[in-house]
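Undergrad: Prediction below, plus the sequence it came from.
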Amino acid sequence: MPGDKKIRVVVGAGSFINNPGWLHTQEKELNLLKREDWADRFQPGSVTAILAEHVWEHLTYEEGVRAARICFEFLQPGGYIRCAVPDGYFPDPEYQCTVQVGGPGPKDHPAASHKIVYNHRTLTQMFEEAGFETKLLEYCDEKGQFHYRHWDPEDGKIYRSLRFDHRNLEGKLRFVSIIADAIKPQ
């Protein structure tokens, strides 16, 4: 549609403002599970891209499918969700303790509300159940081997990633995410 502006939305933005020019939202203003929140702000098929960095693990698997279906409705054909979640196959016991369901400690810890720890198979399956095609960008396989496909941060920058997380300096992986693009078919 000529002249149409790209609508790019960050859900659960928190204090991260890594994506200038994107609409940064919080759960209270744009809840992934409330279609009416989306309908109040956007027309179906109008959103170009959605970025969700460490958000989907705060939903159950079933809620994740439901949220993906709502996003699917509001994305334009060819639009995508760039999603990053903790990686259940990253072979570091301290990391796994931190990202586990229920979190590592106090109830006010951000991980205390984790409801699922995805691996690359369960994350892609969840999005595919909602109608998306998926492309994995970063993940660990069942043997703990890290895989990386080059991706453009202009399409949605994920801080908790190989290139951008300060904990991954000096060539040692200390914090990774599964990063996937879930693409609405044309």
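TA: Everything's here; your move.
Undergrad: Could you report the pLDDT at the residue nearest to Thr122 when sequence neighbours are not counted?
TA: Spatially, and ignoring its direct neighbours in sequence, Thr122 is nearest to Tyr61 (7.2 Å; C-beta to C-beta, 6 or more residues apart in numbering). For the C-beta atoms, the positions are set from N, CA and C on the backbone; glycine is no exception. With respect to pLDDT, Tyr61 scores 98.
Undergrad: ok, now which ones touch Tyr61?
TA: Neighbour list for Tyr61: 116, 122, 126 [criterion: C-beta atoms under 8 Å, 6 or more residues apart in numbering].
Undergrad: Looking at these, which is nearest Pro20?
TA: Closest to Pro20 out of the contacts of Tyr61 is Met126 (29.2 Å), distances taken as C-beta to C-beta.
Undergrad: number of nearby residues for the closest one?
TA: By the criterion of other C-beta atoms under 10 Å, Met126 has 26 neighbours.
Undergrad: Is it within a helix or a strand, and which one?
TA: For Met126, the host element (DSSP states H and E) is helix 120-129.
Undergrad: which other residues reach the next helix or strand after that helix?
TA: Next in sequence after helix 120-129, counting helices and strands by DSSP H and E, comes strand 133-140. The contact list for strand 133-140 (C-beta under 8 Å, 6+ apart) reads 87, 89-91, 119-120, 123-124, 127-128, 146-149, 151, 161-162, 176-183, 185.
Undergrad: 7 Å - rerun?
TA: Here strand 133-140 makes contact (C-beta atoms under 7 Å, 6 or more residues apart in numbering) with 87, 89-90, 120, 124, 127-128, 146-149, 151, 161-162, 176-183, 185.
Undergrad: same thing with stretch 160-180?
TA: 53-54, 83-87, 90, 95, 118, 120, 123-124, 134-140, 146, 148, 157-159.
Undergrad: Show the pLDDT at His109.
TA: On pLDDT, His109 comes in at 69.
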